[in-house]
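Visitor: with the sequence up front, the predicted model follows.
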Amino acid sequence: VSTVIVVGGAGDYFNVADHVIMMDEYRPKNVTELAHKIARELPTLRKEESSDKFGRICRRVPDPVSINPKRGSKLKVKASSKDVIHFGRNNIELGNLEQLLNREQAKTIGHILVFALQKGIIDGQSSLGDILNKIFNILEKEGLKIISPFNYPDGDYVKPRPYEVGAALNRLRSFKVKRVEI
């Protein structure tokens, strides 16, 4: 994960920074070497926030029971805008997914999730990454028509990236995962 930290007038992160860019009269200047020299001469007194660092990397395996697109006995998947998918009894808030283009793309995400449930792709055994890879391999071969509840091409579909589908699933309030150590 790449991270950019903007700090004014403090060198607390010099010792962990890969690159340090200083703004000099609105022009960027690479001062990484100087920053690392300062960090060696003046060690930080910053307190470590956690002794565990990031912990073990785990596979996140979605629980299919926690992903319910039904309201009562009826399937309810509808995008009211590019920012909200009505999914069963829940709304999936997509407001911070800035790359989404329109309501049709949000609708497509909702239908992809239903398709993955109905076809057993979300099976309680596969990791989220494996699920997304499998879905998008199928979409690459079959096209978006495969996710249509009526099994015909729908002009209202706009293909999202796997990232947006995973992000939408993570924003579903009922969504649960089990963590499996790698």
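Guide: Okay, I see it. A quick note: this is a predicted structure, and the numbers were derived from the prediction, not measured.

Visitor: domain-wise, how is the protein divided?
Guide: For the chain, the TED database gives the domain ranges 1-55, 59-180.

Visitor: the first one: how far from the chain's middle?
Guide: Taking Cα atoms, centre = their mean, to the nearest Å, one finds domain 1-55 lying 27 Å from the centre of the chain it belongs to.

Visitor: out of the domains of the chain, deepest packed?
Guide: domain 59-180 (a mean of 16; mean count of other Cβ atoms under 10 Å). Backbone N, C-alpha and C define where each C-beta goes, glycine included.

Visitor: and the residue nearest to Asp83 when sequence neighbours are not counted, what's its pLDDT?
Guide: Residue nearest to Asp83 in three dimensions, not counting chain neighbours: Gly95, with 4.5 Å by Cβ to Cβ, 6 or more residues apart in numbering. As predicted, Gly95 sits at a pLDDT of 91.

Visitor: measure Gly95 to His111 for me?
Guide: Distance, Gly95 to His111, using Cβ to Cβ, to the nearest Å: 20 Å.

Visitor: next one: Val77
Guide: Separation of Val77 from His111 (Cβ to Cβ): 6 Å.

Visitor: same check on Ser80?
Guide: Distance from Ser80 to His111, by Cβ to Cβ: 15 Å.

Visitor: same deal with Arg171?
Guide: Arg171 is 16 Å from His111, where distance means Cβ to Cβ.

Visitor: where do the helices sit along this protein?
Guide: 32-41, 103-118, 128-142, 162-171 (DSSP state H).
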